[in-house]
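Participant: give me a 3D structure for the following:
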Amino acid sequence: MLVTVQQHILQQQEDQFPAARGNFSSLLSGMTLATKMIQAKIRRAGLADILGSAGVTNVQGETQQKLDVYANQAVLHCLGARESVAFLVSEENEQPVTIDRSEGGKYIVVFDPLDGSSNIDVNVSVGTIFSILRRPDGAHGVAAVLQPGWKQVAAGYVVYGSSTIFVYTAGKGVYGFTLEPEIGAFVLSFADMKMPAQGNTYSVNEANADSFPESYRTYLGRLRSRGYGSRYIGSLVADFHRTLLKGGVFLYPPTKKNPHGKLRLLYEANPLAFIAEQAGGQAISGDARIMDIEPKAIHERTPLIIGSRSEVAEFHQIDTRDATGRI
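Facilitator: Have a look, this model is predicted:
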């Protein structure tokens, strides 16, 4: 019998929060609706005028793609209508979007609407990443958002590839759902997902290896000497999804160009770290657990080492002076 993502979320809510009124499940339902809208546009890429640059840059200084703009608007629209949402924080917007409900909103949703969008034109998998936080009592704006990852209520991602897969955790395991196009619903396809304790591949952009800190170069050399294979797509969601299923490690080191790393702590590193830990993996910034980092800005960046416990622990043990990622 098919189990839809809405049925699964409601069941988890009943088991964990029997007094809940359905606000959390409604919020996640809004996210799944937005991702269905996004995947429908992606499926028409090449047929409709949706490919290419939108002609503007976002707050990160990156060129926005047309699909970036559409995906951001879709998430803002679908979640902005949910009564439980107080603030929406997008990678594409400089400041949090406040939903005008006085003190009624309980949750903050932080999201990257379309990760890897530069790959759309060449038909490579892309994704949506999100994180859900509780709104601290009386907190507003940026001050409400700047919470460490261990305070996340839920996190997830959608990978738009050969099939569309929604993966999420609410702190009680990791579950994956595949979009069934004939009925238009995400149905349970991966129950209680576990990352292998050790893999045999690593994922990193080795074109930048000459500017990696010594600790990273040492680590990668050790992996290669033991026969590890290199698998790098260049789309974070796709690379992480493979690592979740197959094990191994994904790295985005600091470089001379980006000495503090390039991935965003709130939108990318924290939600994927939550999922990795719930699946039995680990995620660190070099010397610290990702979810222990106290964010200082909503667009803060971080190095990221994420994957199977064996591979991440080995990196953490490398005894070099730049093991923190400083250059």
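Participant: who's the residue lying closest to residue 185 once chain neighbours are set aside bridged to?
Facilitator: Distances taken as Cβ to Cβ, 6 or more residues apart in numbering put residue 4 closest to residue 185, at 4.7 Å, once the chain neighbours are dropped. Where C-beta positions appear, they are placed from N, C-alpha and C, glycine not excepted. Bridge pairing for residue 4 (DSSP bridges) gives the partners residue 187.
Participant: count of neighbours near residue 4?
Facilitator: Neighbour count of residue 4, defined by other Cβ atoms under 10 Å: 16.
Participant: how many neighbours does residue 185 have?
Facilitator: Per other Cβ under 10 Å, the neighbour tally for residue 185 reads 18.
Participant: do the same with residue 260
Facilitator: A count of neighbours around residue 260, defined by other Cβ under 10 Å, yields 15.
Participant: now do the one 5 residues further on
Facilitator: Burial of residue 265 is recorded as 28 neighbouring residues (other Cβ under 10 Å).
Participant: and stretch 68-76, what's buried?
Facilitator: For stretch 68-76, burial by neighbour count (16 or more other Cβ atoms under 10 Å) applies to 68-76.
Participant: looking at these, which are in strands?
Facilitator: Assigned to strands by DSSP state E, none of these qualify.
Participant: could those be laid out in JSON lines, adding pLDDT?
Facilitator: Listed next are the buried residues of stretch 68-76 as JSON lines, based on pLDDT from 0 to 100:
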{"residue": "68", "pLDDT": "86"}
{"residue": "69", "pLDDT": "89"}
{"residue": "70", "pLDDT": "90"}
{"residue": "71", "pLDDT": "93"}
{"residue": "72", "pLDDT": "93"}
{"residue": "73", "pLDDT": "93"}
{"residue": "74", "pLDDT": "94"}
{"residue": "75", "pLDDT": "94"}
{"residue": "76", "pLDDT": "94"}
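Participant: could I get these in a markdown table, plus columns for distance to residue 148?
Facilitator: A markdown table is the format used below for the buried residues of stretch 68-76 (distance: Cβ to Cβ, whole Å):
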| residue | distance to residue 148 |
| --- | --- |
| 68 | 27 |
| 69 | 30 |
| 70 | 31 |
| 71 | 27 |
| 72 | 25 |
| 73 | 29 |
| 74 | 28 |
| 75 | 23 |
| 76 | 25 |
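Participant: closest one to residue 133 out of these, please.
Facilitator: residue 75 (15.6 Å; Cβ to Cβ).
Participant: gap between that closest one and residue 237?
Facilitator: Applying Cβ to Cβ, to the nearest Å, the value for residue 75 to residue 237 is 15 Å.
Participant: quick one: which two of the buried residues of stretch 68-76 are the most distant?
Facilitator: The two members of the buried residues of stretch 68-76 with the most space between them (Cβ to Cβ) are 68 and 76, at 12.5 Å.
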